[in-house]
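Asker: sequence and predicted structure, then a few things I'm wondering about:
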Amino acid sequence: MSKTIAVIRGDGIGPEIMDATLRVLEALRLDFRYDFIEAGLAAQTRCGELLPEATLEAIATHRVALKGPLTTPVGEGFSSINVELRKRFDLYANVRPAISFPNTRSRFPENVDLITVRENTEGAYIGEGQNVSDDGATATLTQKVTRRGSERIVRYAFDLARRNGRRLVTIVHKANILTSTSGLFLKVAREVAARYPEIACNELIVDNCCMQLVMRPEQFDVIVTTNLFGDIISDLCAGLVGGLGLAPGANIGTDVAIFEAVHGSAPDIAGRGIANPCALLLGAAQMLDHVGRTGEAARLRVAIRATLFARDRVTPDLGGDGTTESFADALIERLQA
């Protein structure tokens, strides 16, 4: 049965890397259809809105979206289009793999294979109750963590570990200082962990976790944490394996899932044909896993790894002299071999 995917090509380099990604997906002979919708600057230019209602309706209808990077202009009503999408569809799980690839500008070209699972809908990151005093001397915000939010994200992390044969979940917190919010998260996480006796579990304070990641990232398997800590840790992990150009992300809710490259729209190189499509391709692989096409997802990841190993027509940020399209061509040749 054919599956329809909502596609947001994005801003800046977004259309270039999306077109390359869709060409590669075509080589997998998937029975997908694509509904092209708009958000960000392209939508603002065409529709006068950064996030049109028609776009939201299409995502709700198709339940799966593949999204290029978007630009949110300052002062346009949203702090972030991405945050607005998470709120609208209750995309509570942000899932960020970090995997070593060959021939990248990384201190860890092998042995890193971890996933950060970040709570995506509450905590300090969403900016509730932000206020600056009239004299400009004091700023405050409200940080809210709930039992429901904590339980479902930790359960998601353990279920992910169970599905993928992973052996360890690390709960990252700051309960020694933030005794109420982070304390509640840790308390609930321990309760959930007890339901998965076959999966090892440990706990790390967030600052120690960051130090351990930099020193010995190979010790980690699945990390689960709250929103703001997860935002920081997931980018740290991307840095371990070569940067955001190799960093995909999934935002998953009960009804809707959105898959993306987590890097920005890079307007400085837009239109030059040299943008690295790897992050979006790896996001597409996450999407394939999500819709049950795990075999095709595995083939895509193997082709990416082989292309990087051979440095075959890769983009300049990966040490090559290729283009976005030549990188896609190299992948397609491997998938069709």
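Answerer: Received the coordinates, thanks. Because the structure is a prediction, the values reported are computed rather than measured.
Asker: going forward, measure contacts and count neighbours with C-alpha atoms only.
Answerer: OK.
Asker: the bottom helix or strand of this structure by mean pLDDT?
Answerer: helix 41-47 (a mean of 89; mean pLDDT, DSSP states H and E).
Asker: so what touches that helix?
Answerer: Applying C-alpha atoms under 8 Å, 6 or more residues apart in numbering, the contact partners of helix 41-47 are 10-11, 49-52, 70-73.
Asker: which of the three states applies to the residue nearest the centre of the chain?
Answerer: Residue closest to the mean C-alpha point of the chain, counted by C-alpha atoms, centre = their mean, is residue 249 at 1.4 Å. Following DSSP: H, G, I helix; E, B strand; the rest coil, we place residue 249 in the strand state.
Asker: can you give me the distance of the spatially closest residue to it that is not a sequence neighbour to residue 173?
Answerer: Spatial nearest neighbour of residue 249, excluding adjacent residues (C-alpha to C-alpha, 6 or more residues apart in numbering): residue 96 at 4.8 Å. Separation of residue 96 from residue 173 (C-alpha to C-alpha, to the nearest Å) stands at 18 Å.
Asker: try residue 269
Answerer: Distance from residue 269 to residue 173, counting by C-alpha to C-alpha: 38 Å.
Asker: between those two, which one's more packed in?
Answerer: residue 173 (27 against 12; other C-alpha atoms under 10 Å).
Asker: by contact count, what packs against the one helix or strand residue 191 maps to?
Answerer: Secondary structure assigned from DSSP states H and E places residue 191 in helix 181-193. Contact here means 3 or more C-alpha pairs under 8 Å, 6 or more residues apart in numbering; DSSP states H and E; on that basis helix 181-193 packs against helix 147-163, strand 168-173.
Asker: against which helices or strands is the shortest one packed?
Answerer: For strand 168-173, the helices and strands in contact under the criterion 3+ C-alpha pairs under 8 Å, 6+ apart are helix 147-163, helix 181-193, strand 200-205, helix 206-215, strand 222-225.
Asker: same question for the first one.
Answerer: Secondary-structure packing of helix 147-163 (3+ C-alpha pairs under 8 Å, 6+ apart): strand 113-119, strand 168-173, helix 181-193, strand 222-225.
Asker: what mean pLDDT does it get?
Answerer: For helix 147-163, the mean per-residue pLDDT is 98.
Asker: I'd like the numbering to begin with 59 instead of 1 from here.
Answerer: Okay, using 59 as the starting number, the last item reads as helix 205-221.
Asker: what's it in contact with?
Answerer: So helix 205-221 is contacted by 150-151, 175-177, 179-180, 225-227, 242-243, 246-247, 250-251, 254, 257, 280-284 (C-alpha under 8 Å, 6+ apart).
Asker: list only buried entries from these.
Answerer: Using 16 or more other C-alpha atoms under 10 Å as the burial test, the contacts of helix 205-221 include 150-151, 175-177, 179-180, 226-227, 242-243, 246-247, 250-251, 257, 280-284 as buried.
Asker: please name the residues that touch the nearest residue in space to residue 287 that is not next to it in sequence.
Answerer: Counting by C-alpha to C-alpha, 6+ apart, residue 264 is the residue found nearest to residue 287 once chain neighbours are left out, at 7.2 Å. Each residue near residue 264 by C-alpha under 8 Å, 6+ apart is listed here: 230-232, 287.
Asker: again, only using 10 Å
Answerer: By C-alpha atoms under 10 Å, 6 or more residues apart in numbering, the residues touching residue 264 are 229-233, 270, 283, 287-288, 290-291.
Asker: repeat for residue 180
Answerer: Residue 180 sits in contact with 145, 150, 186, 201-204, 207-208, 284-286, where contact means C-alpha under 10 Å, 6+ apart.
Asker: now the phi/psi pair for it, please.
Answerer: With angles defined as degrees, to the nearest 10, residue 180 sits at phi -140, psi -170.
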